[in-house]
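Colleague: Attaching a predicted model along with its sequence, questions to come.
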Amino acid sequence: MPPRQVLRWNAYFKESVTESAAENHRVRKCVIYMYLEDESIYVGEPRQPNSGIPQGSFLKRHRIPRDDSGASFGVGDVNVGSIVTFYGRAFRVVSCDAFTREYLRSVGHEQAEDEPMPDEPIEAYRATLRKDVVMNPYPPAPRDDALAAYVEAAAGAPSNALAADKLKKYLANDRKVLRFFCLWDDRSALYGDRRPFVLHYYLADDSVEVLEVAEPNSGRDPFPVFLRRQPLPNKKLEVDALGPTKTYTYYTHKDLRVGATVDVYNRRFLIHDADAFTKRWYVENEGYDLEKDFPAVDVEEAQLPIPQNAVPPYNGFGGMADSLQNCVALIPKPVRPDFDKQMNYTKTILRFRAKMQDDDDHVYSEVDKARDFIISVYLANDTVSVFEPPDRNANVAGGKFLERQECLKPGSAEKYEATDCYAGAVLTLFSRKFLLTEADGYTYGFMEQHPSSFPRSDFAQVIARLRALIAGREEEAKRAFIDVDVDGSGRVNLDELERALAAVDAPVVAQEVVTVVRRLDERGDGRIRIEAFFEALGIAF
């Protein structure tokens, strides 16, 4: 036989009842299962509520013997309308399911029509009772009000029996915990701090638990339980006037609100938030308003700026970076050079011709103003050196004027770099001003190759600036260029170009004039065509 195929019949047997006025016998309803794989039989009795009879498994599954010959019950031995006897107990078979009926028909065992279950005498007895009385199969729940407590006390019930039903409260609220987020500000005490906590309120027994939130790098040992679970006494005490007995009041769920403070053994905890379950429980059980009774409490404080050590002013000894190492470390370390600049610009030196200029502290003679200086800027480490060429006619011996070193800008800790140097710039080197008049060809070429670092050597940027300065005064610019072209050649040099631009109030520095001439010089003689200059500006000449 194929497995997992079972025949099922509904049956009953009668059991006599001798000590009841409501019934003289009882109908026991059972279900007979026959497993086709081995023709074993199982008899079960469905459970009825409040029956008072042990029900469930009536006969465990096994092969039931049919007679003394050793034969067992088979497929054709159980039929609707017949009586089968298992171990002396007679079962009346009244019906079967559709699968059982169809299967037995296929094997040649027709089944009779289904019969109804007989009525139980207890049902007829209940029908004779009052029609307006609703029969409840379960016993009534005990009353829990003031009248019941008075009757119980008058009957002599002990005081502990008259207390509130804690078991009922425990079963109704078990595993329901309200969670509040708190803050304890103890900075008024020595070594006090502002610390976060979590307060748990257990609805099952009204106990309170306070847990500490471990913050990283707080410097405190992790003690997660700040207050173990227990009833939390309130500050309010009720003193009995008849004796020294004191009755403590404890915190309940009605005392815990967002924005309120809770006294945990003389420690004031501010409740600033609650979790979603807590808010939903208060709304459903206490009728709280989600926006009104749970306000947003901002407990975040503005972060104080980290105090920085003040760097003392530079004293002039050694380099600026070397002196700074004495302020940031107990044992100074050598300054780490910029290896990228050293590898890429080891032999890159920008050289400029310079003249001395008067200032508030120095007024130079005509001899000093006529002196020439060569200022070299080393890109490998942004150092500067000044050299004076010898001039026998002026009785100048020449030589090294300033040792190669870092030079700081006046009134600042920032040092001069290559981007600060260009033709027309003024450098203050140790209280002496130098005007950079021109540079060598290599320097001009290097600047033009790096226009992002040297914008005055960027031809497109210089032309765009000149176009904006001359806009609206094109005819005036043309006349200015014609005036400076005294020989009528249609070409101008550096000085003439600078004078023409100054005539139309277009201020430019010497580096920008050199950039324009170097780009538009077609013959290499230091002169450019006026027409080519205006074509670069986009102006018809």
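Modeller: Nice, I can see it. From a predicted model like this one, the values you see are computed outputs, not experimental measurements.
Colleague: And for Ile528, the neighbour number?
Modeller: By other C-beta atoms under 10 Å, 24 other residues sit near Ile528. Glycine gets a C-beta too; all of them are placed from N, C-alpha and C.
Colleague: I figured it was touching Asp521, is that so?
Modeller: Yes. Counting by C-beta atoms under 8 Å, Asp521 is a contact partner of Ile528 at 5.6 Å.
Colleague: For Thr261, give me the pLDDT.
Modeller: If you check Thr261, the pLDDT there is 94.
Colleague: Sketch out the low-pLDDT regions of the chain for me.
Modeller: The chain contains residues with pLDDT under 70 at 1-3, 129-144, 159-165, 235-248.
Colleague: Walk me through the domains of it.
Modeller: Per automatic domain parsing, the domain ranges recorded for the chain read 6-124, 174-285, 308-337, 338-449, 458-537.
Colleague: Looking at these, which is nearest to Ala302?
Modeller: domain 174-285 (13.0 Å; C-beta to C-beta).
Colleague: one step back: compile the domains of the chain into JSON lines and extend it with columns for distance to Ala155.
Modeller: JSON lines is the format used below for the domains of the chain (distance: least, C-beta to C-beta, whole Å):
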{"stretch": "domain 6-124", "distance to Ala155": "28"}
{"stretch": "domain 174-285", "distance to Ala155": "26"}
{"stretch": "domain 308-337", "distance to Ala155": "82"}
{"stretch": "domain 338-449", "distance to Ala155": "96"}
{"stretch": "domain 458-537", "distance to Ala155": "107"}
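Colleague: and of those, who's closest to Lys292?
Modeller: Going by C-beta to C-beta, the one of the domains of the chain nearest Lys292 is domain 174-285, 10.5 Å.
Colleague: next one: the closest one to chain centre, how far?
Modeller: Averaging C-alpha positions (C-alpha atoms, centre = their mean, to the nearest Å) puts domain 174-285 27 Å from its chain's average.
Colleague: who are the neighbours in contact with Gly56?
Modeller: Contact analysis of Gly56 by C-beta atoms under 8 Å, 6 or more residues apart in numbering lists 44-45, 47.
Colleague: For Asp298, see how far away it is.
Modeller: Gly56 is 62 Å from Asp298, where distance means C-beta to C-beta, to the nearest Å.
Colleague: now Arg465
Modeller: Relative to Asp298, and taking C-beta to C-beta, Arg465 is found at 52 Å.
Colleague: Likewise for Glu476?
Modeller: 65 Å.
Colleague: Compare the two (neighbour count), which wins?
Modeller: Glu476 (12 against 7).
Colleague: follow-up on the earlier one: please produce JSON lines containing the contacts of Gly56, extended by distance to Arg336, secondary structure and neighbour count.
Modeller: Putting the contacts of Gly56 into JSON lines (distance: C-beta to C-beta, whole Å; DSSP: H, G, I helix; E, B strand; the rest coil; neighbours: other C-beta atoms under 10 Å) gives the following:
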{"residue": "Gly44", "distance to Arg336": "89", "secondary structure": "strand", "neighbour count": "16"}
{"residue": "Glu45", "distance to Arg336": "92", "secondary structure": "strand", "neighbour count": "19"}
{"residue": "Arg47", "distance to Arg336": "87", "secondary structure": "coil", "neighbour count": "10"}
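Colleague: was I right about Arg257 contacting Pro295?
Modeller: No. Look at Arg257 against Pro295 with C-beta under 8 Å: they stay out of range, at 9.6 Å.
Colleague: of the two, who's got more company?
Modeller: Using other C-beta under 10 Å as the criterion, Arg257 and Pro295 rank with Arg257 on top: 17 against 12.
Colleague: so what's that one up against?
Modeller: Counting by C-beta under 8 Å, 6+ apart, Arg257 has contacts 271, 293.
Colleague: Over to the one 4 residues further on?
Modeller: Counting by C-beta under 8 Å, 6+ apart, Thr261 makes contact with 268-271.
Colleague: If any of the residues you listed are buried, give me the ChimeraX selection for them.
Modeller: To isolate the buried members of these in ChimeraX, using 16 or more other C-beta atoms under 10 Å:
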select :269,270,271
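Colleague: hey, where'd the helices end up in the chain?
Modeller: Applying DSSP state H to the chain gives helices spanning 98-106, 121-127, 146-154, 166-173, 276-285, 320-328, 339-344, 366-369, 441-449, 459-470, 474-484, 494-503, 510-520, 530-537.
Colleague: May I see those helices organised as JSON lines, with distance to Val426 added?
Modeller: JSON lines is the format used below for the helices of the chain (distance: least, C-beta to C-beta, whole Å):
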{"stretch": "helix 98-106", "distance to Val426": "110"}
{"stretch": "helix 121-127", "distance to Val426": "119"}
{"stretch": "helix 146-154", "distance to Val426": "101"}
{"stretch": "helix 166-173", "distance to Val426": "85"}
{"stretch": "helix 276-285", "distance to Val426": "69"}
{"stretch": "helix 320-328", "distance to Val426": "21"}
{"stretch": "helix 339-344", "distance to Val426": "25"}
{"stretch": "helix 366-369", "distance to Val426": "14"}
{"stretch": "helix 441-449", "distance to Val426": "17"}
{"stretch": "helix 459-470", "distance to Val426": "20"}
{"stretch": "helix 474-484", "distance to Val426": "26"}
{"stretch": "helix 494-503", "distance to Val426": "17"}
{"stretch": "helix 510-520", "distance to Val426": "12"}
{"stretch": "helix 530-537", "distance to Val426": "27"}
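Colleague: ranking those by burial, who's on top?
Modeller: helix 510-520 (a mean of 21; mean count of other C-beta atoms under 10 Å).
Colleague: by contact count, what packs against that helix?
Modeller: strand 432-439, helix 441-449, helix 459-470, helix 494-503, strand 528-529, helix 530-537 (3 or more C-beta pairs under 8 Å, 6 or more residues apart in numbering; DSSP states H and E).
Colleague: Just put these in a markdown table and tack on distance to Val328.
Modeller: Shown next, in a markdown table, are those (distance: least, C-beta to C-beta, whole Å):
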| stretch | distance to Val328 |
| --- | --- |
| strand 432-439 | 31 |
| helix 441-449 | 35 |
| helix 459-470 | 39 |
| helix 494-503 | 48 |
| strand 528-529 | 53 |
| helix 530-537 | 51 |
